[in-house]
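*Asks:* Need coordinates for the following:
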Amino acid sequence: MGRIRSIKPEFFLDEELATLSPLCRLFFIGLWTLADREGRLEDRPRRIQVQILPYDGEDADRMLEELAAGGFITRYSVGNLRLIQIRTFIKHQRPNPREKASELPPPPETTVETDVTHRENQDNHNADACKSGSSRVATRENLDLTRENLDRGEGKGREGNK
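*Replies:* Purely as a prediction, here's the structure:
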């Protein structure tokens, strides 16, 4: 399933990415839309080809190898499952908090680092959302603060004018 992802303006100025062919750079962006919230997806080159560049005669496996050689992705296996980890996905993307957590295992050598980084990013994102009042995620802290404000008559609208 495709997902909405962001491209930072700096992407186009990245000197390491500039070593890749233009179509491979576009393919890399396409991988982001296929990846889950932790930046993982199944390593199925033919399927990826159809999902990202269905009308081009490029070899998806070759582009995946080019991205892996450049250190942009990690290709790995867990049991019989071949997988891809986009290495800096969590650093550059802010997946929707309601997006389903990954069901795919992380690469064996980065299990702790990836999971800890993801949790820290989610905590920071939730803290920022709480400060701005834009969080739709009901946490115990948010509910307690809301109750306190209502008890003191600090709500918005008619409820706060008691």
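
*Asks:* in this structure, which spans are strands?
*Replies:* Per DSSP state E, the chain carries strands over the ranges 40-42, 73-78, 81-86.

*Asks:* Adding mean neighbour count and distance to residue 99, write the ones you listed out as JSON lines.
*Replies:* No exception for glycine: its C-beta is placed from N, CA and C like everyone else's. Formatted as JSON lines, these follow (neighbours: other CB atoms under 10 Å; distance: least, CB to CB, whole Å):
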{"stretch": "strand 40-42", "mean neighbour count": "19", "distance to residue 99": "13"}
{"stretch": "strand 73-78", "mean neighbour count": "17", "distance to residue 99": "20"}
{"stretch": "strand 81-86", "mean neighbour count": "18", "distance to residue 99": "15"}
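
*Asks:* Let me have these in TSV, adding mean pLDDT and distance to residue 14 as columns.
*Replies:* Putting the strands of the chain into TSV (pLDDT from 0 to 100; distance: least, CB to CB, whole Å) gives the following:
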stretch	mean pLDDT	distance to residue 14
strand 40-42	96	21
strand 73-78	96	15
strand 81-86	97	14
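
*Asks:* Would you reformat those strands as CSV and include distance to residue 108?
*Replies:* Below are those laid out as CSV (distance: least, CB to CB, whole Å):
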stretch, distance to residue 108
strand 40-42, 13
strand 73-78, 7
strand 81-86, 11
